[in-house]
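Student: build the 3D model from these lines:
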Amino acid sequence: MNWIKKTLRFGEKIKRIIKKRPSKDEIANSDWTSCCKGPILKKDLADNFWVCPSCNKHHRINPRQRFDIIFGKNNYEILKTPIPKDDPLNWHDSKPYTDRLRAARKKTGMDCGMMVVKTNIKNVNLTAIASDFNFIGGSIGAAEGEAFLYGIQHAIENKQPFIVFTSGGGMRMMESLISLSQMTRTTLAINELKKNNLPYLVVLTDPTAGGITASYAMLGDIHLAEPGALIAFAGSRVIQGTVREELPEGFQKSEYVEKTGFIDLIVDRKDLRKKIETLLSILLKQNSVINSTINETSEDNKTLTKAAS
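Tutor: So this is what the prediction gives:
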């Protein structure tokens with residue numbers, strides 16, 4: 001009977017150890033996180049742009065952290081975007097959608113999963129938008145669609161380049177067709193931006209998937225990506241189950257996607273600001289040539305019209 005008592009005591013010890021394990025919230029609020037070599041101080045990560053100094057893993061960051069890195073602290077203004085009615089379909093699954101929204105807003109301090117800012121980089125005024133993966137997985141609903149359209153409208157009205165930092169799993173199932181319609185709305189908005197000869201840069205971060213990849217994430221003039229970012233439409237297991245073939249290792253990582261031509265450049269986070277500066281200077285110069293050519297052509301047309309009359 002001694003071995004039974006020992007087994008029971010060992011089981012009780014295991015239970016106590018499991019109970020002592022910190023919760024997700026406790027881990028999120030602690031000074032530590034983990035990477036390739038085990039625990040690492042968040043402060044050390046933050047000092048290195050939230051990139052692991054050992055393995056170069058680009059950890060996920062929220063929009064404020066991203067804008068601080070790219071544009072500099074206190075060098076951008078957050079724009080208030082329209083927020084449509086919550087839960088238009090009265091969605092319930094394991095919990096009400098309104099409860100999920102409330103929890104996401106409390107966790108992120110944002111009204112929706114996208115943040116729009118006006119800022120400048122090397123004396124170039126621009127509009128930028130970034131998604132927060134912590135807001136219901138960065139998924140797109142009506143509020144995020146409104147934020148995107150508001151950002152595009154602001155860029156057009158102020159004749160500014162538009163930069164989007166993508167992050168999310170796709171369209172939000174709790175909003176069904178309302179969510180899916182944002183793919184069309186964002187695409188049409190980008191067309192208006194391009195009609196005005198304004199640069200549209202896309203920076204793909206981990207993860208970018210689903211309807212995000214199938215819409216505004218792949219419509220840029222230039223597509224940049226962070227190293228190791230997941231870029232996909234469907235999940236790898238879904239694809240493998242459909243084609244019934246072995247897929248190449250890492251075929252949905254930015255390095256593989258670059259080889260296939262879907263993105264133009266992979267840029268480390270620390271180098272992104274410099275790369276964006278360079279690309280904007282090239283694109284703005286090119287667009288000014290296009291605009292001057294259009295103006296010259298329209299003036300010639302006016303002269304011809306007068307002569308004809």
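Student: show the contacting residues for Ile190.
Tutor: 152, 200, 216, 219 (Cβ atoms under 8 Å, 6 or more residues apart in numbering). C-beta: built from backbone N, CA, C; applies to glycine.
Student: tell me how far it lies from Glu157.
Tutor: 16 Å (Cβ to Cβ, to the nearest Å).
Student: same question, Ser179
Tutor: 27 Å.
Student: before we move on, what about Phe67?
Tutor: Taking Cβ to Cβ, one finds Phe67 at 21 Å from Glu157.
Student: check contacts around the closest residue to Phe135 other than its chain neighbours.
Tutor: Using Cβ to Cβ, 6 or more residues apart in numbering and skipping the chain neighbours, the partner closest in space to Phe135 is Gly113 (3.6 Å). Going by Cβ under 8 Å, 6+ apart, Gly113 touches 104, 131-132, 135-136, 138-141, 143-144, 168.
Student: just say helix, strand or coil for Ile178.
Tutor: helix (DSSP: H, G, I helix; E, B strand; the rest coil).
Student: would you confirm that it contacts Trp91?
Tutor: No: counting by Cβ atoms under 8 Å, Ile178 sits too far from Trp91 to count as a contact (10.4 Å).
Student: ok, then the element right after the helix or strand harbouring Thr242?
Tutor: Per DSSP states H and E, Thr242 falls inside helix 236-243. Using DSSP H and E, the helix or strand that follows helix 236-243 in sequence is helix 254-259.
Student: buried residues in that next one?
Tutor: 254, 257-258 (16 or more other Cβ atoms under 10 Å).
Student: can you redo those residues as TSV with pLDDT?
Tutor: Output for the buried residues of helix 254-259, formatted as TSV (pLDDT from 0 to 100):
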residue	pLDDT
Ser254	97
Val257	96
Glu258	96
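Student: roughly how far does Glu277 sit from Val267?
Tutor: Glu277 sits 12 Å away from Val267, going by Cβ to Cβ.
Student: do the same with Leu224
Tutor: Counting by Cβ to Cβ, the gap from Leu224 to Val267 is 5 Å.
Student: swap in Val203?
Tutor: Applying Cβ to Cβ to Val203 and Val267 gives a distance of 8 Å.
Student: can you list contacts of stretch 249-268?
Tutor: For stretch 249-268, using Cβ under 8 Å, 6+ apart, the contacting residues are 51, 56, 58, 204, 218, 222-232, 236, 248, 275.
Student: SS state for Gln65?
Tutor: helix.
Student: that one: how many residues sit nearby?
Tutor: 16 (other Cβ atoms under 10 Å).
Student: for it, which non-adjacent residue is closest in space?
Tutor: Trp50 (6.6 Å).
Student: restricted to strands, list the contacts of Gly113.
Tutor: Counted as lying in strands by DSSP state E, out of the contacts of Gly113, are 131, 168.
Student: closest to Ser281 among the contacts of Gly113?
Tutor: Ser131 (26.2 Å; Cβ to Cβ).
Student: specify the beta-bridge partners of that closest one.
Tutor: Met114 (DSSP bridges).
Student: identify the residues contacting it.
Tutor: Ser131 sits in contact with 63, 113-114, 138, 144, 165-168, 212, where contact means Cβ under 8 Å, 6+ apart.
Student: now with 7 Å, please.
Tutor: Neighbour list for Ser131: 113-114, 138, 165-168 [criterion: Cβ atoms under 7 Å, 6 or more residues apart in numbering].
Student: coming back round to it: and the residue nearest to Gln65, what pLDDT?
Tutor: Trp50 is assigned 97 on the pLDDT scale.
Student: what's the burial count for the nearest residue to Asp111 once chain neighbours are set aside?
Tutor: In space, and not counting its chain neighbours, Asp111 is closest to Ile83: 5.3 Å by Cβ to Cβ, 6+ apart. Using other Cβ under 10 Å, Ile83 has 12 neighbouring residues.
Student: Ile83 is in contact with Met114, isn't it?
Tutor: No: contact between Ile83 and Met114 fails when scored by Cβ atoms under 7 Å: they sit 11.0 Å apart.
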